[in-house]
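S.K.: here are the coordinates; sequence isn't available:
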Ligand SMILES: Cc1cc2nc3c(=O)[nH]c(=O)nc-3n(C[C@H](O)[C@H](O)[C@H](O)COP(=O)(O)O)c2cc1C
Ligand SMILES: Nc1ncnc2c1ncn2[C@@H]1O[C@H](COP(=O)(O)OP(=O)(O)OP(=O)(O)O)[C@@H](O)[C@H]1O
């Protein structure tokens, strides 16, 4: 029985922290689908630089990822209803409330566990493990 996992995020400029998250999410099951957030749903931080299509293309190419899809514009649980995964893997600092997600899954009659991935520890001094840090560095050096 294939154990399916869903991960999600903005993935504006991909970095080793994303790779760590997606590797951990992939290890939680046999098949990993990643939902790439639409710009309209990224309301808790700066609007992404790269288009949804571009962000999806890059994530889809990563080794731990079986499939990357663009998220629903309005209802973030629509793809979850469709995919009906066994696990939703949240990133270590993802701004979602685990209990709230579990409650909504319950309400929609979706049997699925909510897990949290761990943070990637910097492997080297120079690693930029956040999109924001990468953009700040670009502005510093090229702005
Ligand atoms: C269970 C779940 C389902 C999601 N489904 C969608 C979706 O259908 N469409 C979408 O644009 N974003 C979706 N998202 C992503 C959120 O909209 C949010 O933008 C994303 O979690 C951003 O996280 P980040 O700040 O870690 O990148 C989903 C997130 C979760 C936790
Ligand atoms: N350093 C990291 N270690 C582990 N997971 C990470 C790391 N950075 C991001 N992630 C995870 O990747 C997913 C997508 O994150 P997102 O696209 O918001 O990248 P970000 O680098 O956190 O962005 P920003 O720096 O703009 O907040 C989230 O679940 C997040 O928890």
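M.R.: Sure, I can see it. The model shown is predicted, which means the values in this text are computed figures rather than measured ones. Ligands and ions are numbered 1, 2, ... in the order given.
S.K.: quick one, what contacts the closest residue to ligand 1 within the chain?
M.R.: The minimum distance from the chain to ligand 1, using Cβ to the nearest ligand atom, falls at residue 71 (2.0 Å). Where you see a C-beta, it was placed from the backbone N, CA and C, and this is true even at glycine. With contact set as Cβ atoms under 8 Å, 6 or more residues apart in numbering, residue 71 has these partners: 8, 35-38, 41, 79.
S.K.: which pLDDT value belongs to it?
M.R.: With respect to pLDDT, residue 71 scores 98.
S.K.: can you report how many residues lie near residue 55?
M.R.: 25 (other Cβ atoms under 10 Å).
S.K.: wait, it touches residue 12, no?
M.R.: Yes - counting by Cβ atoms under 8 Å, residue 55 does reach residue 12; the two are 6.4 Å apart.
S.K.: which residues do those two both contact?
M.R.: Counting by Cβ under 8 Å, 6+ apart, the residues touching both residue 55 and residue 12 are residue 48.
S.K.: which residues of this protein lie near ligand 2?
M.R.: Residues of the chain found near ligand 2 (Cβ under 6 Å from any ligand atom) are 9-12, 17-18, 20-21, 45, 91-94, 119-120, 129-132.
S.K.: among those, which are located in strands?
M.R.: With strands taken from DSSP state E, the overlap with the residues of the chain next to ligand 2 comprises residue 9.
S.K.: quick check, the helix or strand harbouring residue 114 touching ligand 1?
M.R.: Element membership of residue 114, judged by DSSP states H and E, is strand 113-116. No - Strand 113-116 is not in contact with ligand 1 by Cβ under 6 Å from any ligand atom; minimum separation 8.0 Å.
S.K.: helices and strands around that strand, which ones?
M.R.: strand 87-90, helix 98-107 (3 or more Cβ pairs under 8 Å, 6 or more residues apart in numbering; DSSP states H and E).
S.K.: how about whatever residue of the chain ends up closest to ligand 2: what's its closest non-neighbour residue?
M.R.: Using Cβ to the nearest ligand atom, the single residue of the chain nearest to ligand 2 is residue 91, 1.7 Å away. Counting by Cβ to Cβ, 6 or more residues apart in numbering, residue 91 lies nearest to residue 21, which is 4.9 Å off, once chain neighbours are set aside.
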